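**Q** mind looking at a prediction? Sequence and model below.
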Amino acid sequence: DHTHADTLRTPIVAVLGHVDHGKTSLLDTIRGSAVSEGEAGAITQHIGATDIPLDTISGMAGELIDPSDFDLPGLLFIDTPGHHSFSTLRARGGALADIAVLVVDVNDGFQPQTEEAIDILRRTGTPFVVAANKVDTTPGWNPQDGEPIQRSMEAQSERAKSMLDENLYEIIGQLSDAGFSADLYWRVQDFQKNIGVVPLSALTGEGVPDLLTVLMGLSQRFMKEEMAIDVTGPGEGTVLEVKDERGFGATVDTVVYDGVIRNGDTIVVGGQNEPIVTEIRALLRPRPLAEIRTEKQFEKVGEIGAAAGVKIAAPDLDQAMAGAPVRVVRDRPEAEVVEEVKAELAEIEVETADNGVVVKADTLGSLEAMANALREAEVPILRAEVGDIAPRDIAVAETANQDEHKAILGFNVDLLQNAEPDLENADVKLFKNEVIYQLVEDYERYVEEKQR
Ligand code: GTP
Ligand code: MG
């Protein structure tokens, strides 16, 4: 359906990593330096995403970038909260993000959510770079605000330099343990074979020019064909989050990765039970950068084209699922689009058995990741669903005919208040964790103890 491909869309860059390793600070710095470059107006603030145009990027990267080397329009950054699984970021047939920045605290190295992010990057084949953040916390560091990292390193004492090197090699070693050959980015010849590590500080901005340069290079070289889209075609996107918004009811924060979405369009959205067919009442974007911090207000837009983040307000969205597809119907039979959405949901296959545990997760992507992890651990699943833990889940778990299966494994979900008494009265064990493999390990340990 890309026969009218004529325009290059903005590559989607996911920023991921362990809690507190500096994802949001890094994006703030990129936005902030853009503002101090006098380009505040050029930046578009989206729902869950920030669009930075090429000119602004080359302004920040200074001598490291020659804008005439690039013909992509810029980069669309998506921040992923640490507690929220990157696996929400799925799209038709794969990952929503074209490339990713894995943020690792240079002192902490790999942590559980770093490992989890790496697993997903590997499974989806998403190219990525590593931002080795917080170099400024190296003892004796002499900050060089906003400078390219090699210049900054020249300004450091031997002692500071060797301490940083030690930490960087630790991270390179951890990447290698995870099956990725990696090196400091300026030593990488072939970014298709090796992962580049960019030392930087979100606090002082040193190394940020380098990161932007590497990202532009990566997207230009490997993504150009995939960036060619029909900008006027029916929009396609992925739900990042379902949120109640005063005056609008349930809305879906969506990243549009293809085509265009217009106000009034009929859309099909993946829902808890079946696809939701509804008509868009409003397309909402945050107000420009300067205002967003003080007032959380939205601006209504008539249409929005890929790649972009937008909040969609429409009736009946309360059953929509994070990670589910959003499709504009326009000029096609509605039933055809409903089938498309169903087919895409079926792709997220969770094999269930007559006996097994109950699994609940916050998004479709994380449900899929949970199912994979449980299959590897040979734990059968009786029922798997997106959403918080409800009385019904406890009732279902109780029906398991083996004691060890009378369990609910919840990833990034809450126990609903009205389910609390049910859980107390039922012979059902609840496991909750924000790291998938820890959740599976907790359950396995429980089974072992039970069998002893
Ligand atoms: P979550 O969204 O909770 O997963 O965290 P995050 O990865 O977005 O981290 P965030 O940007 O909120 O930063 C966490 C803490 O680290 C904050 O106190 C930041 O000020 C601090 N921090 C982030 N980057 C740097 C850095 O480069 N240097 C120093 N010294 N502190 C930093
Ligand atoms: Mg954050």
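**A** On my side now, so go ahead. Ligands and ions are numbered 1, 2, ... in the order given.
**Q** next, count neighbours for Lys193.
**A** Per other CB atoms under 10 Å, the neighbour tally for Lys193 reads 9. Every residue, glycine included, has its C-beta placed from N, CA and C.
**Q** pop out the phi and psi values for it.
**A** With angles defined as degrees, to the nearest 10, Lys193 sits at phi -100, psi -30.
**Q** before we move on, what about the one 3 residues further on?
**A** Here the main-chain torsion angles of Gly196 (degrees, to the nearest 10) amount to phi -90, psi 130.
**Q** state the distance from it to Glu398.
**A** 51 Å (CB to CB, to the nearest Å).
**Q** which one of these two has more residues nearby?
**A** Shown here are Gly196 and Glu398; by other CB under 10 Å, Gly196 has more neighbours (22 against 14).
**Q** and for the nearest residue to that one once chain neighbours are set aside, the neighbour number?
**A** Once flanking residues are discounted, Gly196 sits nearest to Tyr185: 3.3 Å by CB to CB, 6 or more residues apart in numbering. Tyr185 has 23 neighbours, counted by other CB under 10 Å.
**Q** where does the protein have low pLDDT?
**A** 1-6, 33-47, 81-88, 90-94, 287-296, 349 (pLDDT under 70).
**Q** run through who's touching stretch 428-444.
**A** Stretch 428-444 has contacts (CB atoms under 8 Å, 6 or more residues apart in numbering) with 83, 85, 112-113, 115-116, 357, 366, 369-370, 373-374, 377, 379, 389, 394, 397-398, 406-413, 415, 423, 446.
**Q** oops, could you answer that again for stretch 111-124 instead?
**A** With CB under 8 Å, 6+ apart, stretch 111-124 has contacts from 16-19, 21, 82, 85-87, 90, 94-95, 100, 102, 104-105, 110, 126, 128, 175, 178-180, 369, 372, 434-438.
**Q** same check on stretch 18-34?
**A** Under CB under 8 Å, 6+ apart, the answer for stretch 18-34 is 15-17, 40, 42-43, 50, 52, 56, 59-60, 77, 79-80, 82-83, 101, 103-105, 108, 111-114, 117, 131, 133-134, 146, 200, 202-203, 205, 208, 211-212, 289.
**Q** restricted to helices, list the residues you listed.
**A** Those of the contacts of stretch 18-34 mapping onto helices are Thr56, Gly59, Met60, Pro112, Gln113, Thr114, Ala117, Val208, Leu211, Leu212, Leu289, per DSSP state H.
**Q** out of the residues you listed, which touch ligand 1?
**A** Among the ones in helices among the contacts of stretch 18-34, no residue is within reach of ligand 1 (CB under 6 Å from any ligand atom).
**Q** quick check: the gap between the residue in the stretch 351-452 of the chain positioned nearest to ligand 2 and Asp108.
**A** In the stretch 351-452 of the chain, the residue that lies nearest ligand 2 is Glu434 (14.0 Å; CB to the ion). According to CB to CB, Glu434 and Asp108 sit 17 Å apart.
**Q** which one's more surrounded, those two?
**A** Shown here are Glu434 and Asp108; by other CB under 10 Å, Glu434 has more neighbours (20 against 16).
**Q** please consider this matter closed, and thank you.
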